[in-house]
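Visitor: Predicted coordinates and the sequence they were generated for:
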Amino acid sequence: MAVKLILRDKEYEVRPGMALVDALKKNNIVPEAVIATRDGEMITDDEILRDGDVVKLIAVISGG
């Protein structure tokens, strides 16, 4: 089984055991541009992804 990252309407699959930050970079997602949640709870960039995890990514919008 793999880990799923979901950002808007796109799904990315990565292997378990990776840190979230590495999984994001591997898929060309800027870690500072998203907030990651798993089971409705926010997780940090250093979180190790486990087999079967589904991580929803929420784009952070900033302006000035």
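Guide: Structure received.
Visitor: what are the ranges of the strands in the protein?
Guide: Ranges of strands within the chain are 3-7, 10-14, 34-38, 41-43, 54-59, based on DSSP state E.
Visitor: Quickly compare these and say which is most buried.
Guide: strand 3-7 (a mean of 18; mean count of other C-beta atoms under 10 Å). Glycine gets a C-beta too; all of them are placed from N, C-alpha and C.
Visitor: Give me the contacts around it.
Guide: 11-16, 18, 23-24, 27, 29, 34, 49-57, 59 (C-beta atoms under 8 Å, 6 or more residues apart in numbering).
Visitor: what's the answer for stretch 42-53, then?
Guide: In contact with stretch 42-53 (C-beta under 8 Å, 6+ apart) are residues 1-4, 14, 16-21, 23-24, 31, 35-38, 55.
Visitor: Quote the end-to-end distance of it.
Guide: The first and final residues of stretch 42-53 sit 13 Å from each other (C-alpha to C-alpha, to the nearest Å).
Visitor: average pLDDT for it?
Guide: Averaging pLDDT along stretch 42-53 gives 97.
Visitor: now the nearest residue to Val34 once chain neighbours are set aside: how far from Ile43?
Guide: Counting by C-beta to C-beta, 6 or more residues apart in numbering, Val34 lies nearest to Leu57, which is 4.3 Å off, once chain neighbours are set aside. In this view, Leu57 and Ile43 are 11 Å apart by C-beta to C-beta, to the nearest Å.
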